[in-house]
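**Q** Can you look at this prediction? I've put the sequence above it.
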Amino acid sequence: MSKTAEIKFEDKSYSLPIVEGTENEQGIDIAKLRAESGLITLDPGFKNTGSTKSAITFLDGEKGILRYRGYSIEELAEKSTFLEVSYLLIYGELPTAEQLADFQSQIKVHTLVHEDIKKILEGFPSNAHPMGVLSSLVTALTAFYPESLDPNRSSDKVNMSIIRILAKMPTFAAWAYKNEVGHPVNYPDNSLDYCSNFLKMMFALPAEKYEVDPVISSALDKLLILHADHEQNCSTSTVRVVGSSQASLYASISAGINALWGPLHGGANSAVINMLEGIKKDGGDTKKWMAKAKDKDDPFRLMGFGHRVYKNFDPRAKIIKKAADDVLDKLGVNDPILDIAKGLEKEALEDQYFVDRKLYPNVDFYSGIIYRALGIPVDMFTVMFALGRLPGWIAQWKEMRENNEPIGRPRQIYVGENLRPYVGMEKR
Ligand code: CMC
């Protein structure tokens, strides 16, 4: 017999179906509640609201589990590559060797961007934040590929939009950085793999020979895998909601980039480094900063700590912490803020405030330290997150379109003025 939940309101009782997922997650289906009872549900920040049924990513925040299409993040980070994971997320299965080769070569064919996009880039002042530049260039793609505007076209055409954005994002990301530092842009080098090509576009200078360091390239590949999807987070929900109005893939992804930008989401990786630098400059007294983080009258929060869904450890943070040690070791980098980070983590994990609230380091706590060791400037950290999250956004957008989901449109409880007569200017 199918399960139900009862809601009692005034003198009536309403029976609501229970929906079960493949990992036995259970939710109350309230779709008919309003029609039957006049009630809506209120949940600011959607803290306990499921917005969709999805087959892409499974996450158990209590147990610290993260899986893409059923494969554990630990195994994928160790054995896979970013493009293989992208294929898995977008198309649902790991590719065969032939499928992967075809996917990679399709992406290589489209890495170049229209020369006129350079003119748009040149219009930005050099102090433009690269996240703003990135989201603008992604939106600009709609103008260069107007056929992408209709998300209901044949799956081949939609697939071409998917390939194009996967191919061009590294070019945009590297160019956004070049604009910031005032250097000429580099064109893609299709003899290189995805991450090496990005690194060369980002760091090569016309007057110098540039060889991609395989240690850097493979560390970046791993970081991108760890960021590739995270079910219905703020930016992904944004992508799905924007796409639910049948806006194009590029418009939806551009909105996702903007949602990611904030310091409570993808912007946390830059905020962590700024915080650790601030603590170092201030003399390195971690206790003082811990006290500030706990003080409710102080707006300071320990950046890179806490998560909406992880109430145990963030499995990505575990992998990244180890990767940070490995990368710094291999590159021979001695970064004093790594010690401050480890000290803060140790204190927080033993502190009653953090223990009671189940606040653990999240993916952003150590990722910035690796990005820094790879030579990536702080402003670009969130751009790196966007590069990693791209296949997840695409997969979620595609799933939403294929399931023909309804337009996202929440309700509200109105708490403003009741009807009142208009008052003329002379009486105000
Ligand atoms: N430092 C100090 N206190 C914290 C922190 C923190 N980093 N995070 C949460 N708290 C406290 C918060 O004050 C609240 O305390 P109380 O119950 O006494 O009012 C309690 O813990 C619950 O926090 P919340 O803000 O209600 O939780 P949330 O689910 O709304 O927010 C969060 C989650 C990630 C926005 C928050 O933990 C935070 O601001 N962390 C710092 C920013 C950060 O690292 N963000 C990156 C998230 S991971 C990357 C991604 O996927 O975006």
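**A** Nice, thanks for sending it over. Remember, it's a predicted structure, so these values are computed and weren't measured experimentally. Numbering: from 1, shown residues only.
**Q** C-alpha only now, for contacts and for neighbours.
**A** Will do.
**Q** in the longest helix along the chain, what counts as buried?
**A** Assignment by DSSP state H gives helix 155-181 as the longest helix of the chain. Of the residues in helix 155-181, those buried under the neighbour-count criterion (16 or more other C-alpha atoms under 10 Å) are 158, 160-180.
**Q** filter those residues by proximity to the ligand?
**A** The residues of the buried residues of helix 155-181 that also fall near the ligand, by C-alpha under 6 Å from any ligand atom, amount to none at all.
**Q** wait, what's in contact with Leu224?
**A** Residues counted as contacts of Leu224 (C-alpha atoms under 8 Å, 6 or more residues apart in numbering) are 82, 384-385, 387-389.
**Q** Which strand or helix spans Ala5?
**A** Under the criterion DSSP states H and E, the helix or strand holding Ala5 is strand 4-9.
**Q** by contact count, what packs against the helix or strand hosting Ile340?
**A** If you go by DSSP H and E, Ile340 is part of helix 336-350. Counting contacts by 3 or more C-alpha pairs under 8 Å, 6 or more residues apart in numbering; DSSP states H and E, the secondary-structure elements packed against helix 336-350 are helix 268-281, helix 286-294, helix 352-356, helix 363-373.
**Q** That one to helix 363-373, inter-axis angle?
**A** Relative orientation of helix 336-350 and helix 363-373, computed by axes from the mean of the first three to the mean of the last three C-alpha atoms, to 10 degrees: 170 degrees.
**Q** Now tell me what touches helix 336-350 from outside.
**A** With C-alpha under 8 Å, 6+ apart as the contact definition, helix 336-350 has outside contacts at 276-277, 280, 284, 286, 290, 354-355, 359-361, 365-366, 369.
**Q** hmm, that helix in reach of the ligand?
**A** No - applying C-alpha under 6 Å from any ligand atom, one finds that helix 336-350 is not in contact with the ligand, the shortest distance being 9.4 Å.
**Q** Next, the buried residues of that helix.
**A** When neighbours are counted by 16+ other C-alpha under 10 Å, the buried residues of helix 336-350 are found to be 337-338, 340-341, 344-345, 348.
**Q** and it with helix 286-294, angle?
**A** Angle between the axes of helix 336-350 and helix 286-294 is 60 degrees (criterion: the same axes, to 10 degrees).
**Q** after the longest helix of the chain, next one along is what?
**A** In N-to-C order, the element after helix 155-181 by DSSP H and E is helix 194-203.
**Q** could I get that following helix in CSV with only the CA atoms?
**A** Extracted in CSV, the C-alpha atoms of helix 194-203 (Å, rounded to 0.1, in the frame of the first residue of the first chain):
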residue,chain,number,x,y,z
TYR,A,194,40.9,20.4,-21.8
CYS,A,195,42.7,21.6,-18.7
SER,A,196,46.1,22.0,-20.3
ASN,A,197,44.5,24.1,-23.1
PHE,A,198,42.9,26.3,-20.5
LEU,A,199,46.1,26.8,-18.5
LYS,A,200,48.0,27.7,-21.7
MET,A,201,45.4,30.3,-22.7
MET,A,202,45.5,31.7,-19.2
PHE,A,203,49.2,31.8,-18.5
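**Q** Centre of the chain to it, how far?
**A** Relative to its parent chain, helix 194-203 has a centroid offset of 20 Å by C-alpha atoms, centre = their mean, to the nearest Å.
**Q** tell me the angle of it relative to helix 155-181?
**A** Angle between the axes of helix 194-203 and helix 155-181 is 30 degrees (criterion: the same axes, to 10 degrees).
**Q** List the buried residues in the following helix or strand past helix 194-203.
**A** With elements assigned by DSSP H and E, the helix or strand that comes after helix 194-203 is helix 214-227. Neighbour-count burial for helix 214-227, with 16+ other C-alpha under 10 Å as criterion, is recorded at 216-227.
**Q** do stretch 238-257 as well
**A** Those buried within stretch 238-257 under the rule 16+ other C-alpha under 10 Å are 238-244, 246-257.
**Q** for stretch 89-101, same thing?
**A** Using 16+ other C-alpha under 10 Å as the burial criterion, the residues of stretch 89-101 that qualify are 89-90, 92, 94-95, 100.
**Q** Return the member of those nearest to the ligand.
**A** Sorting these by distance to the ligand puts Leu89 at the head of the list, at 17.2 Å, by C-alpha to the nearest ligand atom.
**Q** Toward the C-terminus from the helix or strand where that closest one lies, list the very next helix or strand.
**A** Element membership for Leu89, per DSSP H and E: helix 82-91. Scanning the chain past helix 82-91 towards its C-terminal end, the next helix or strand to appear is helix 97-109 (assignment: DSSP H and E).
**Q** got the residues of the stretch 251-400 of the chain near the ligand?
**A** Counting by C-alpha under 6 Å from any ligand atom, the residues of the stretch 251-400 of the chain close to the ligand are 264-266, 268, 293-294, 301-308, 357, 362-364.
**Q** could you flag which of the residues you listed are buried?
**A** Neighbour counting with 16+ other C-alpha under 10 Å marks 264-266, 268, 293, 301-307, 362-364 as buried within these.
**Q** Tell me which of the helices and strands packed on helix 336-350 is the most buried.
**A** The densest packing among the helices and strands packed on helix 336-350, expressed as mean neighbour count by mean count of other C-alpha atoms under 10 Å, is seen in helix 363-373 with a mean of 25.
**Q** what mean pLDDT would you report for the next helix or strand after that one?
**A** Tracing the chain C-terminally past helix 363-373 and defining elements by DSSP H and E, one meets helix 381-402 next. Mean per-residue pLDDT for helix 381-402: 97.
**Q** export helix 381-402 as CSV, just CAs?
**A** Output in CSV follows, covering the C-alpha atoms of helix 381-402 (Å, rounded to 0.1, in the frame of the first residue of the first chain):
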residue,chain,number,x,y,z
PHE,A,381,38.8,31.2,-8.1
THR,A,382,35.0,31.4,-8.6
VAL,A,383,35.5,31.3,-12.3
MET,A,384,37.3,28.0,-11.8
PHE,A,385,34.3,26.8,-9.8
ALA,A,386,32.0,27.8,-12.7
LEU,A,387,34.2,25.9,-15.1
GLY,A,388,33.9,22.8,-12.9
ARG,A,389,30.1,23.2,-12.3
LEU,A,390,29.3,23.7,-16.0
PRO,A,391,28.6,20.0,-16.9
GLY,A,392,26.3,19.8,-13.8
TRP,A,393,24.3,22.9,-14.9
ILE,A,394,24.0,21.4,-18.4
ALA,A,395,22.9,18.0,-17.1
GLN,A,396,20.3,19.6,-14.8
TRP,A,397,19.0,21.9,-17.5
LYS,A,398,18.8,19.0,-19.9
GLU,A,399,17.0,16.8,-17.4
MET,A,400,14.5,19.6,-16.6
ARG,A,401,13.8,20.2,-20.3
GLU,A,402,13.5,16.4,-21.1
